[in-house]
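1. Sequence unavailable; structure follows:
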């Protein structure tokens, strides 16, 4: 099981210093402001950690070192180094900190073509320090059994258990240095110490690792995450550890926190702001995608020539797609598509979302292609409104919103506006191979689940299956919940607020649920009225299943349709803790649990999934009720708007006018509180308004 860093333990050996989390390696480097992050195999020392000071007698010379040949067998002499050898040499060495300390620590040291790393033990997955071999300028003998590794910025002293063992280490290190000097190595190395390829860095900056100060300098690059003590160490290339992201997972935590979990450790980071947290999570998720990427799907979809450029900006080799809109897009445009929400655009990676890419979906993208898709979506784009690969995020957002959410540039079907004719045309089209026609009909208003008129094959999907049109059925399936593009009228009496939940909010577990209702719950519901259901919140949809073994949900709630989330007082119903969800369809869903932790996790996750970013401060309150209401205030009683409100005891917090500013009304200080218009309007009057 992965361990989670709580960082509440101290380094056992060595004197105490200002930073109680300093490792023994750095106790004598304090004068140079060098404070290594205390890690036990990549983590922090815990109360059950082995002692740092290993007894040299614990290791015999026969097991002190290993040299690996290209075949993986162990040899006593250093082999000719292969370009891609994983581990060239590994073994136990004593290491002392700089500044002349005589305190040595036993370290397990590994050498490959890229890095010299050392660890607390030979079982640890994460190093205490890594040194790029490209930064090593010399290796020299400095006395009995000792040798010094000299880098551009710093020197490291190691001691072997014998002169012969020292000679083997020095020989292998010299071979690597000589190869680099001669230019024999043609590999492109990740040379952070020279910032030789800054484009490989996807995101970098300071993050707090929970329980540890000062902050670490963190770098996300490709399929790895690197930890450094500070920016200077980052420039020199000498870091703490690197995390392979092929086994990583990123999980949202509370407020500005998030966890990077691996099977071996959990790294709990804290960002400076919520926006920074989102950016870091997105970068690490992309890193996981790079680690798990598979080019097979991308190569097949790129076989269609028009799919080799982004459907929106024209950038080359796009690696993302909107599977319901049938367009292949680049990474930057994919981010703007994702912000529209899954009901508008369902964004998937060509390289890492392997499971979703069925044979039918791949063939669908090959048959439609960006060329045919844009003959519909981009039939009327004015040159002044088009974007290219150099366009800014704001320009992309404006264009992509207009193109897909509003359908501003689409080629209108001849039957547009005639619902009955559109539905009939869709039923006819799905029995043919013309998927481009079906795409046009769907996004001009044809209903994906309309009645066909034939009870044997009651809907378009059944007709497509009967006709053997697999691609038609796939296209219909991808658009079961898609919204039809529409331009919003500014003349509406109610200003509508469209919001899509953040994609990173997920939660799952067992809850107890009653049947949904159309009236408020006025009587206590006994435990017998509840049924145990496996519940999953993901991608803006709350689904509940008969059990965790079922793949088909009993029902679903789209978070964009949630109007209000209400937390009941304890023991209101048979289960100690219950909450209610109200939706736009005026249905009420009642859920219960006896666990306070489960209750808090679900309530916060659901709230974060339907409350927009502009009102996310409301979620931080210990609310009894949170949601959206139409309102009119004293400054404008003609036009109703949508605001977000949270009730906590006698205080009503609210965010309105699309600003992130939170305000509050003290209900006890109101001059008037009344209900009007047949219980549909609640009037609040305070001193100022």
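-> Looks like it arrived, so ask away. In this text, all values refer to a predicted model and were calculated from it rather than measured experimentally.

2. Show me where the stretch 201-350 of the chain has its strands.
-> Counting by DSSP state E, counting those that start in this stretch, the stretch 201-350 of the chain has these strands, from start to end: 201-209, 216-221, 224-228, 241-244, 249-252, 257-261, 265-270, 320-322, 327-329, 347-349.

3. can you redo the ones you listed as CSV with mean neighbour count, mean pLDDT and distance to residue 166?
-> All C-beta spots, glycine's among them, are computed from the backbone N, C-alpha and C. Formatted as CSV, the entries for the strands of the stretch 201-350 of the chain read as follows, by neighbours: other Cβ atoms under 10 Å; pLDDT from 0 to 100; distance: least, Cβ to Cβ, whole Å:
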stretch, mean neighbour count, mean pLDDT, distance to residue 166
strand 201-209, 18, 90, 35
strand 216-221, 22, 92, 33
strand 224-228, 23, 91, 29
strand 241-244, 20, 89, 26
strand 249-252, 17, 89, 42
strand 257-261, 19, 92, 38
strand 265-270, 22, 91, 33
strand 320-322, 27, 95, 52
strand 327-329, 28, 97, 56
strand 347-349, 22, 92, 49
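
4. Save those as CSV, and put in distance to residue 534 too.
-> As requested, the strands of the stretch 201-350 of the chain are exported to CSV (distance: least, Cβ to Cβ, whole Å):
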stretch, distance to residue 534
strand 201-209, 34
strand 216-221, 34
strand 224-228, 33
strand 241-244, 32
strand 249-252, 19
strand 257-261, 22
strand 265-270, 25
strand 320-322, 29
strand 327-329, 34
strand 347-349, 25
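
5. Tell me where the model's unsure across the chain.
-> 1-86, 97-102, 183-200, 487-504, 633-640, 657-660, 676-680, 687-689 (pLDDT under 70).

6. if we can go back for a sec, mind checking which of the strands of the stretch 201-350 of the chain is nearest residue 285?
-> When the strands of the stretch 201-350 of the chain are ranked by distance to residue 285, counting by Cβ to Cβ, first place goes to strand 249-252 at 5.3 Å.

7. Check the offset of that closest one from the chain's centre.
-> For strand 249-252, the separation from the chain centroid amounts to 6 Å (computed by Cα atoms, centre = their mean, to the nearest Å).

8. ditto for stretch 363-372
-> Averaged over its C-alpha atoms, stretch 363-372 has a centre that lies 29 Å from its chain's centre (Cα atoms, centre = their mean).

9. same question, stretch 176-184
-> Relative to the chain's own centre, stretch 176-184 is displaced by 40 Å; criterion: Cα atoms, centre = their mean.

10. ok, and what's touching that stretch?
-> Contacting residues not belonging to stretch 176-184 are listed as 81, 88, 111, 113, 133, 134, 136, 137, 138, 139, 185 [Cβ atoms under 8 Å, 6 or more residues apart in numbering].

11. Flag every buried residue along that stretch.
-> Within stretch 176-184, the residues that count as buried by 16 or more other Cβ atoms under 10 Å are 176, 177, 179.

12. what's the answer for stretch 579-587, then?
-> By neighbour count with 16+ other Cβ under 10 Å, stretch 579-587 contains the buried residues 579, 580, 581, 582, 583.

13. hang on, the third one in a helix?
-> Right, residue 581. No. When the secondary structure is assigned by DSSP: H, G, I helix; E, B strand; the rest coil, residue 581 falls in strand instead of a helix.

14. which ones are touching it?
-> Contacts for residue 581 (Cβ under 8 Å, 6+ apart) come out as 542, 557, 562, 564, 565, 566, 588, 589, 591, 606.

15. same thing but at 6 Å, please
-> 562, 565, 589 (Cβ atoms under 6 Å, 6 or more residues apart in numbering).

16. before we move on, what about the fourth one?
-> Taking Cβ under 6 Å, 6+ apart as the definition of contact, the neighbours of residue 582 are 563, 564, 588.

17. Narrow the residues you listed to those in strands?
-> Filtering the contacts of residue 582 for membership in strands, criterion DSSP state E, returns 563, 564, 588.

18. how near is the residue nearest to residue 243 when sequence neighbours are not counted to residue 210?
-> Of all residues not flanking residue 243 in the chain, residue 225 sits nearest, at 4.4 Å (Cβ to Cβ, 6 or more residues apart in numbering). According to Cβ to Cβ, to the nearest Å, residue 225 and residue 210 sit 16 Å apart.

19. Check residue 362 too.
-> Residue 362 sits 42 Å away from residue 210, going by Cβ to Cβ.

20. And residue 583, by the same measure?
-> Counting by Cβ to Cβ, the gap from residue 583 to residue 210 is 37 Å.

21. now do residue 440
-> Relative to residue 210, residue 440 is positioned 52 Å away (Cβ to Cβ).

22. Please say which of the two ends up with more neighbours.
-> Neighbours around residue 440 and residue 210, counted as other Cβ atoms under 10 Å, are more numerous at residue 440. The numbers are 26 against 18.

23. can you confirm that one is in a strand?
-> No. With three-state DSSP as the criterion, residue 440 is helix rather than part of a strand.

24. That one contacts residue 376, correct?
-> Yes. Counting by Cβ atoms under 6 Å, a contact exists between residue 440 and residue 376, whose distance comes to 5.1 Å.

25. Tell me the span between the first and last residue of stretch 554-569.
-> Counting by Cα to Cα, to the nearest Å, you get 28 Å between the two ends of stretch 554-569.

26. Equivalent analysis for stretch 317-333, please.
-> 13 Å.

27. Identify the residues contacting that stretch?
-> For stretch 317-333, using Cβ under 6 Å, 6+ apart, the contacting residues are 307, 310-313, 315, 334, 337, 345-351, 368, 370, 373, 396, 439, 478-479, 482.

28. And for stretch 404-414?
-> Identification of contacts with stretch 404-414 by Cβ under 6 Å, 6+ apart yields 340, 344-345, 376-381, 402-403, 440, 444, 485, 487.

29. Among these, which one sits closest to residue 262?
-> Among the contacts of stretch 404-414, residue 345 lies closest to residue 262 (Cβ to Cβ), at 31.2 Å.

30. ok, the closest one touching residue 338?
-> No. If you go by Cβ under 6 Å, residue 345 and residue 338 don't touch, sitting 7.2 Å apart.

31. Comparing the two, which shows the higher neighbour count?
-> Under the neighbour definition other Cβ under 10 Å, residue 345 and residue 338 were set side by side, and residue 345 has more, 26 against 19.

32. so what's the more buried one up against?
-> Residue 345 makes contact with 322, 325, 337, 404 under the criterion Cβ under 6 Å, 6+ apart.

33. can we see that at 8 Å?
-> 322, 324, 325, 337, 338, 404.

34. Okay, and which of these map to helices?
-> The members of the contacts of residue 345 that map onto helices under DSSP state H are 337, 338.

35. Which single one of the contacts of residue 345 is nearest to residue 203?
-> Proximity of those to residue 203 (Cβ to Cβ) peaks at residue 338, which lies at 17.2 Å.

36. Distance-wise, check that closest one relative to residue 540.
-> Taken as Cβ to Cβ, the spacing of residue 338 relative to residue 540 amounts to 11 Å.

37. Could you do residue 453 as well?
-> For residue 453, the distance to residue 540 under the criterion Cβ to Cβ works out to 33 Å.

38. higher neighbour count, the two?
-> Here residue 453 and residue 540 are set side by side on neighbour count (other Cβ under 10 Å), and the busier one is residue 540, at 22 against 10.

39. Assess the claim that that one and residue 557 are in contact.
-> No. Counting by Cβ atoms under 8 Å, residue 557 is not a contact partner of residue 540; they are 9.9 Å apart.

40. Cross-check the contact I'm expecting between residue 682 and residue 675.
-> Yes. Under the criterion of Cβ under 8 Å, residue 682 makes contact with residue 675 at 5.8 Å.

41. how about the helices in the stretch 451-600 of the chain?
-> 460-466, 470-478, 596-610 (DSSP state H, counting those that start in this stretch).
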